[in-house]
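Chemist: Structure for the following, please:
(2 chains)
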There are 2 protein chains.
Amino acid sequence: MSQPSTETPRWVYSFGGGRADGDASMKDLLGGKGANLAEMCALSLPVPPGFTITTAMCAAYYANGRTFPAGLTAEVDAALEHVGKTVGATFGGLDVPLLVSVRSGARASMPGMMDTILNLGLNDATVEALALRSGDRRFAYDSYRRFISMYSDVVLGVDHGVFDDVLDNHKNLSGQMLDTDLGPEDWLDVIDGYKEAVTSMTGQPFPQDTRDQLWGAIGAVFGSWQNERAISYRRMYDIPDSWGTAVTVQAMVFGNRGETSATGVAFTRNPSTGERAIYGEFLVNAQGEDVVAGTRTPQALTEAARLAGGETAPSLEALMPQTFAELSTIFSKLETHYSDMQDIEFTIQEGKLWMLQTRAGKRTAKAALKIAVDLVAEGALKPADALLRLDASSLDQLLHPTVDPKAHKVLITQGLPASPGAASGEIVFDSREAKARKAAGHSVILVRTETSPEDIEGMAAAAGILTARGGMTSHAAVVARGMGRPCVCGAGALRIDAKAGVITVQGREFKRGDIITIDGATGEVIEGKVRMREPELSGDFGTVMAWADQHRRLGIRANADTPRDAKAARDFGAEGIGLCRTEHMFFEKDRILAMREMICADDVTGRQRALAKILPMQRADFVKLFELMPGLPVTIRLLDPPLHEFLPHEAEELEAVAKELGVPLAKLKTRVSELHEVNPMLGFRGCRLALRYPEITEMQARAIFEAAVAAATSSGKAVVAEVMIPLVAYRAEFDRLAAIIRNVAASVETETGAKLSYTIGTMIELPRAALKADEIASGEDGAEFFSFGTNDLTQTCLGLSRDDAAPILANYVEQKIFETDPFVSIDQDGVGELVALGVERGRRVRPDLKIGICGEHGGDPASIEFFHRSGLDYVSCSPFRVPVARLAAAQAALRGKAPRSEA
Amino acid sequence: MSQPSTETPRWVYSFGGGRADGDASMKDLLGGKGANLAEMCALSLPVPPGFTITTAMCAAYYANGRTFPAGLTAEVDAALEHVGKTVGATFGGLDVPLLVSVRSGARASMPGMMDTILNLGLNDATVEALALRSGDRRFAYDSYRRFISMYSDVVLGVDHGVFDDVLDNHKNLSGQMLDTDLGPEDWLDVIDGYKEAVTSMTGQPFPQDTRDQLWGAIGAVFGSWQNERAISYRRMYDIPDSWGTAVTVQAMVFGNRGETSATGVAFTRNPSTGERAIYGEFLVNAQGEDVVAGTRTPQALTEAARLAGGETAPSLEALMPQTFAELSTIFSKLETHYSDMQDIEFTIQEGKLWMLQTRAGKRTAKAALKIAVDLVAEGALKPADALLRLDASSLDQLLHPTVDPKAHKVLITQGLPASPGAASGEIVFDSREAKARKAAGHSVILVRTETSPEDIEGMAAAAGILTARGGMTSHAAVVARGMGRPCVCGAGALRIDAKAGVITVQGREFKRGDIITIDGATGEVIEGKVRMREPELSGDFGTVMAWADQHRRLGIRANADTPRDAKAARDFGAEGIGLCRTEHMFFEKDRILAMREMICADDVTGRQRALAKILPMQRADFVKLFELMPGLPVTIRLLDPPLHEFLPHEAEELEAVAKELGVPLAKLKTRVSELHEVNPMLGFRGCRLALRYPEITEMQARAIFEAAVAAATSSGKAVVAEVMIPLVAYRAEFDRLAAIIRNVAASVETETGAKLSYTIGTMIELPRAALKADEIASGEDGAEFFSFGTNDLTQTCLGLSRDDAAPILANYVEQKIFETDPFVSIDQDGVGELVALGVERGRRVRPDLKIGICGEHGGDPASIEFFHRSGLDYVSCSPFRVPVARLAAAQAALRGKAPRSEA
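Modeler: Take a look at the predicted model:
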């Protein structure tokens, strides 16, 4: 066996025959399958020998225009010879022919996405040798015809149906029903039919050279990395293209060698509930594909499962007790070795057990928690390691109703999965309807082209929200997540005619009052009412959260504007409020009138008169928030949105409002037109408003500080008020407003005799603010805390409006310009550099600067890991994302301690 | 005389008596006046002795809550004693009393902005000593009453009118008409009246302690740094608050000691024309304030000027030939010493000449050029130094008609000075009107709330443009500057009712057809037609431009979209086109129809059909541009604006367009609504369009390359085409489009057999692009050039929409949050850091990366200096700014060579 020279990269890693070149830690290079086969070899488990061509070859293959580099052939030949020697067979040999399987294996498990070929090495000659050696012609011919159809399908691109037709035709002619009824001569006929079909479809005879077969198969596996299913799977699970797949070539073992042979799959624990019990199924006299294909009904592995399922076919435990015992022992060994629940494939060939695959088993969120907690209880795992095994994002499943996966669904269209959970209800088109139908006891889905702050009450009344426009961080998405309401947004196929009360979607119509279901976890919009599963939080959830809290360094706060949000946030374990958007308080009925009065006032006196009406209401809100967060920080952001958001725009509404305010209609119209902006996101908002109308800041500061005094008295606990100035780009902006806030605080202290404890800080949400963070934080009077507003920072850094981004993002994801939506997971390269700069420069001048983030990224695990690495003090997210954030923060801390692995 | 200790800063610098502590280089510390007085002393010119309290004291004074630090008193006392010794007098002394003047002196000349006090040191006792010593009671009492009124006005805040009343009253009672008629006893009476007035107005008698007088005056000078006039002057001329003013205390000399005394001001050359001739005026028996006050008519200095002015009063040359000769000699000496035209103040006391001030004289742009060229011709100055003396911005005056400064004007309102030059014409409200009236031979001013691309033709037809909304880089401003049209924008007081044909502004109405004048250099909107001065370019202009070209390192290109622009650019000396905005070509009548057809097409075939109609037109445009720029680079930016800019929005227009296109109205409306965006600036534009509709890029690339082949053939010169991709944030965006462009180029080469020379680059106009400049430029296929789009980069870095910025900027400038409008002069701290990062990162991976800037900042001298320092290769500005840019680039290069001075 020739050794590859040390100068060229090594492309091939062998395993089996008592040795293995690789191990489980080499998933990046060998793929999950190859690495775990090597690992099982090293554990002395019965693994058929084979070798793995590395993922690096996949990249080289594509870089070379889908050809293989020189040198690979020699390595593969040597490895193949080694396999042959181990099992005493020869590839293409006419004495004892070696048959192999060729499988893909990427770094991450991609079930169903890649193609597999079995029985490779058979041709018209070797099949006879196999028949002779095995003494089982039927088996040999059956294997050959399986190989022809599989190879032709995967490598030669011949549709599978062609072979089904040949087989059905033979059965019809011969009057046989089942595959097992067919004898050797039948299969020989079928093989002839298959070969003819290949020749007629491809213009070439089926390849008889086994080496051609092998290289064709290897090429097909690498080629399948770029097939559509694989690409869309990767897109869905954020797997980079660059990873590539490995190819594992392995000596075949046969579960179809008669009644003492079988093949099966198993989970070492129940993947749905997490219960500790072997869970799986097998088929006698079959190959792996038969289990998956579903043409025969598989049998249960254990007696317990058979009884529970009310099945009559015997379990493996009953049928082959010795082999089952051996299998059980191996399961335990593997679970202990990997300290995790395993998903296993095995084959029994004439009574002998062979292990074909092991990997961490996929599981539901609920099962994941139970398994983690049980493994720790069993001493198999430390809590820290258990935490790292969990998928933080999946916790969301546990907090919301979900569509029953078994339910029948008729899809209407699909939008973006903007806020998790599912909901059914009647279609309504505006807030008034939503509230009225809700009040009448109906569940409603609010359907809007896009939502605006005026829709808040309707969104609160609705069971779910559906919009035609807007991305993952559009107004609808952000508010819905904050409220814990399911939301599908950006469903671009919807044409909404609210006046007529009709939605048109691809030629179909849905009317006001029709029932629909939305699934905010998938983005699906479904006809009628669909069966749901209610959320349930087990004790395991609490246990895992407690572990997470022990390991995380990041604080976790919630974005909460109302006492209801704040309550939910506390229930989910938030340690304070990281963002209270005061403007949401202004949209309620009686307040918006005062707000409008202020906007239309002619002078400061008029504005102050209107603000005086809002003051007691704001104060009362803040008192409640402070009382719900005793001793915990509450960050209150001063008024942020452009004023025109508070004014009506439709002609009718304008008239009504003018009457209500007692101002001439013309004047109101003029004001609306004065406040109109071309790009409101970059306009008269944030601190720019406050600098023009400082009386707003005076009122808000007064409401905050008077509330702080009142809440401290009523709760007997300290109030930790953090006053946050939005949209700062210049130090001078901060200074002017901070001075006003300090003055009000001093007045309130004098008036009440209380001593206030508060800090003043700023959002960092503009590139200039991040660049000038040192200037903004420096000195005694500088900002005492930063909160990165990564939504706006993303909008400005990328020059991309989140309200308008949906069609652009769709095209970019399609074209792979983004790996992920930058509004969902922070753009670490671009926006992230601004965050890092802001942290570094801010802390340089103020080492104890408290720094958090309150954009939507605060609930995204990948972003949270980035924020942890960037040295932030806390993240703030919507209340329902708090558990996700707690776990993700712990994982980030744990990963930060260990040298970074592929994680 | 005690020396201040070396530990404390030195606050006081003395001059006179044959020595000076300071010199002309110390303007920052001593102010212009103090530094030049010291310098004149060193030149042995006759300067009354005195001392200067530094500008550093001004800062300390404000930092200390308007009080003086310990130690200053001792320094002032010592300096005062030194002055007294030099002139043989004592401050407050009853034998020979020392009188002093107290004047302000900032680093930059701020004429009329600060307050001056003369004759300080007089009180009821010292005035008698002065009378006795001078032998001139009338002079002594006159001086005292002047001092009382001036001091009371400036220091005590007593209105000047009070003293005028006292004087008028005395004249009426005594029957005298002229000040010169009054005798000593009259003045004594007046003094009593003045003192009574002070007591009654302030409740305190006029201060008799000369030391109290001095400190009151010093405090008043420092205090005047923050008076309203000074603040608004600084705002107008961008002088930082932090500079502060110095105070100069100087022994008095008297031009009012009879017929052998006089006082005067002079320029060493004519400040209006630049002609080499003494220019100035004087008054016999008067103090400086009399010349300024205008109560007496001053006389000409030279006989030539007297004759030219047809004046009868004798010239100084005739009246005091010897003193005039001495003065002439001093003028020459000072001009030679400073190598610049000087603005001088002098006093003749009883035949003896005293120099009170010299400084570089203010002059018109035309005079500045002539003086610079003459001084070089005279050998007094090198061209490089002459260039540094010029104010680059003022060149604009030479290229446009200007309002005659002597013309009578009735102001309507004021907006932003968006594009220089003045224009008069009839009010029109839209493009159609504008074109029709223009065609009928009328001059029109196009008045719009804001302009959009649809207004282009109307803007071209108008003599000037006036808008109610939008900042210095709004659409109107940018387009107007590009066209060389005068423009006033953001005149917020205008209420425009285009339908009714009426503008309302603060209660007044102007109708369609009324004549108005706009002054784009000041922002003024004026009633009726105002007298203008036509522009004239002298040979001096050419000489200075030639010098500038020898010294600058930066290349100067122009932003030009049409052959007319390109022609103007070449005439002004542009070395290529730095930005050709192809979309401007799409708005012409026949093209916009094809464009709309493309936008409404259902599929790629439909779009290609429409684009095929545009191709020959675009190609023809490019041929003309290339022919006008033989051998010079032409940077063509691919389609940038959002598509909805090409569609109509008004109901009537929509109907018309639907008919024209032959599409159903409903479909057109749907398309308009689909393309509607909340923040179009951050939306579906730039490369995002091209990535969605690559056929647009294909068409544009084809038009460019086919035109390049045609122009190279017709002109016989090489075509240097630079294809620029807008709004790139990700390398992948660049790659996809660059690949399309290269493919088209290869096709055109194959089709024509020509060899194309072109490069592909990108705008850097988003923060992410600047941060990822290395990624975007790296490798063989990376961007070959960068052009910073600092308009958009400013918008995104600051989060400020230029179309919406006007009211925000107005408030910020008012509140001094900005020192200058960041859309006019680049925000060097914030946006500038992104530019610097982009340059550094881009050049790191591609050392020969060509880097320019094509935002509006390309024509701003301060920004140009920044771009020079940042290592850019060129700036590109509107054609009419090219001369400004050439000069500013030369100045930047010259300043970059010398150690940086206060410049």
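Chemist: how near is the closest residue to chain B within the stretch 51-200 of chain A to A:Ala78?
Modeler: Nearest residue of the stretch 51-200 of chain A to chain B: A:Ala63, at 14.5 Å (CB to the nearest CB). Using the backbone N, CA and C atoms, a C-beta is placed for each residue, glycine as well. As for A:Ala63, its distance to A:Ala78 is 24 Å (criterion: CB to CB, to the nearest Å).
Chemist: ok, now A:Ser261?
Modeler: Distance of A:Ser261 to A:Ala78, computed by CB to CB: 31 Å.
Chemist: one step back: between A:Ala63 and A:Ala78, who's got more neighbours?
Modeler: More crowded of A:Ala63 and A:Ala78, by other CB atoms under 10 Å in any protein chain shown: A:Ala78, with 16 against 10.
Chemist: Regarding that one, which helix or strand does it belong to?
Modeler: Taking DSSP states H and E as the definition, A:Ala78 sits inside helix A:72-87.
Chemist: Report how many residues lie close to whichever residue of the stretch 251-400 of chain A sits closest to chain B.
Modeler: Nearest to chain B, among the residues of the stretch 251-400 of chain A, is A:Ser393, at 24.8 Å (CB to the nearest CB). When counting by other CB under 10 Å, one arrives at 17 neighbours for A:Ser393.
Chemist: surely it meets A:Pro861?
Modeler: Yes: between A:Ser393 and A:Pro861 a contact is recorded at 5.7 Å, counting by CB atoms under 8 Å.
Chemist: and the end-to-end length of stretch A:517-534?
Modeler: End-to-end span of stretch A:517-534 (CA to CA, to the nearest Å): 15 Å.
Chemist: which residues do A:Ser393 and A:Pro861 both contact?
Modeler: The contact sets of A:Ser393 and A:Pro861 overlap at A:Val884 (CB atoms under 8 Å, 6 or more residues apart in numbering or on different chains).
Chemist: Where does pLDDT dip in the stretch 1-150 of chain A?
Modeler: Scanning the stretch 1-150 of chain A for pLDDT under 70 picks out A:1-8, A:109-115.
Chemist: can you map out the helices along it?
Modeler: Along the stretch 1-150 of chain A, the segments classed as helices by DSSP state H, counting those that start in this stretch run A:27-42, A:55-63, A:72-87, A:126-134, A:137-154.
Chemist: With only the CA atoms kept, save the longest one in CSV.
Modeler: Output in CSV follows, covering the C-alpha atoms of helix A:137-154 (Å, rounded to 0.1, in the frame of the first residue of the first chain):
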residue,chain,number,x,y,z
ARG,A,137,-28.5,-16.8,-6.4
ARG,A,138,-31.6,-14.9,-5.5
PHE,A,139,-29.7,-12.7,-3.1
ALA,A,140,-27.0,-12.0,-5.7
TYR,A,141,-29.4,-11.1,-8.5
ASP,A,142,-31.6,-9.1,-6.1
SER,A,143,-28.5,-7.1,-5.1
TYR,A,144,-27.5,-6.5,-8.7
ARG,A,145,-30.9,-5.2,-9.8
ARG,A,146,-31.0,-3.0,-6.7
PHE,A,147,-27.6,-1.7,-7.6
ILE,A,148,-28.5,-1.1,-11.3
SER,A,149,-31.5,0.9,-10.4
MET,A,150,-29.9,2.9,-7.7
TYR,A,151,-26.7,3.7,-9.6
SER,A,152,-28.7,4.6,-12.8
ASP,A,153,-30.9,6.9,-10.8
VAL,A,154,-28.2,8.7,-8.9
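Chemist: Which elements pack onto it?
Modeler: Helix A:137-154 sits against strand A:117-120, helix A:126-134, helix A:160-174, helix A:184-202, helix A:210-224, with contacts defined as 3 or more CB pairs under 8 Å, 6 or more residues apart in numbering or on different chains; DSSP states H and E.
Chemist: Kindly recompute the last result at 6 Å.
Modeler: In terms of contacts (3 or more CB pairs under 6 Å, 6 or more residues apart in numbering or on different chains; DSSP states H and E), helix A:137-154 is packed against strand A:117-120, helix A:126-134, helix A:184-202.
Chemist: Pick the most deeply packed of those.
Modeler: Stretch with highest mean neighbour count among these: strand A:117-120 (a mean of 23; mean count of other CB atoms under 10 Å in any protein chain shown).
Chemist: Does anything pack onto that one? Which helices or strands?
Modeler: By 3+ CB pairs under 6 Å, 6+ apart, strand A:117-120 packs against strand A:100-106, helix A:137-154, helix A:210-224.
Chemist: Apply 10 Å and report the result again.
Modeler: The helices and strands touching strand A:117-120, judged by 3 or more CB pairs under 10 Å, 6 or more residues apart in numbering or on different chains; DSSP states H and E, are strand A:100-106, helix A:137-154, helix A:210-224, strand A:245-251.
Chemist: okay, those in TSV with mean neighbour count next?
Modeler: As requested, the helices and strands packed on strand A:117-120 are exported to TSV (neighbours: other CB atoms under 10 Å in any protein chain shown):
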stretch	mean neighbour count
strand A:100-106	25
helix A:137-154	23
helix A:210-224	20
strand A:245-251	28
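Chemist: Any chance of a markdown table for those, columns distance to A:Glu722?
Modeler: Formatted as a markdown table, those follow (distance: least, CB to CB, whole Å):
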| stretch | distance to A:Glu722 |
| --- | --- |
| strand A:100-106 | 46 |
| helix A:137-154 | 60 |
| helix A:210-224 | 54 |
| strand A:245-251 | 50 |
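Chemist: Quick check: which of these is nearest to A:Lys85?
Modeler: strand A:245-251 (10.8 Å; CB to CB).
Chemist: sorry, back to before: who touches the residue of the stretch 251-400 of chain A closest to chain B in this structure?
Modeler: A:Ala365, A:Pro420, A:Gly859, A:Asp860, A:Pro861, A:Ala862, A:Arg881, A:Val884, A:Leu887, A:Ala888 (CB atoms under 10 Å, 6 or more residues apart in numbering or on different chains).
Chemist: Can you give me the pLDDT of it?
Modeler: Note on A:Ser393: pLDDT of 85.
Chemist: Is it correct that it falls within a helix?
Modeler: Yes: with DSSP: H, G, I helix; E, B strand; the rest coil as the criterion, A:Ser393 is assigned to a helix.
Chemist: now A:Leu43: how far from chain B?
Modeler: Per CB to the nearest CB, to the nearest Å, A:Leu43 is found 44 Å from chain B.
Chemist: Where does the prediction get shaky in chain A?
Modeler: A:1-8, A:109-115, A:232-233, A:235-238, A:291-295, A:473, A:898-903.
Chemist: In it, which residue is most central in space?
Modeler: Centroid-nearest residue in chain A: A:Ser393, 5.9 Å away (criterion: CA atoms, centre = their mean).
Chemist: Would you mind measuring from that residue to A:Ser825?
Modeler: A:Ser393 is 10 Å from A:Ser825, by CB to CB.
Chemist: so what sits against both of the two?
Modeler: A:Asp860, A:Pro861, A:Ala862.
Chemist: Narrow the residues you listed to those in helices?
Modeler: Mapping the shared contacts of A:Ser393 and A:Ser825 onto helices (DSSP state H) picks out A:Pro861, A:Ala862.
Chemist: And the buried ones among the shared contacts of A:Ser393 and A:Ser825, selectable in ChimeraX?
Modeler: Command for ChimeraX that selects the buried part of those, burial taken from 16 or more other CB atoms under 10 Å in any protein chain shown:
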select /A:860,861,862
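Chemist: could I get the shared contacts of A:Ser393 and A:Ser825 as TSV with distance to chain B?
Modeler: Output for the shared contacts of A:Ser393 and A:Ser825, formatted as TSV (distance: CB to the nearest CB, whole Å):
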residue	distance to chain B
A:Asp860	19
A:Pro861	23
A:Ala862	18
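Chemist: Minimum distance to chain B, which residue of the stretch 301-450 of chain A gives it?
Modeler: Closest point on the stretch 301-450 of chain A to chain B, by CB to the nearest CB, is A:Glu450, at 8.2 Å.
Chemist: Having no further points to raise, I will conclude here.
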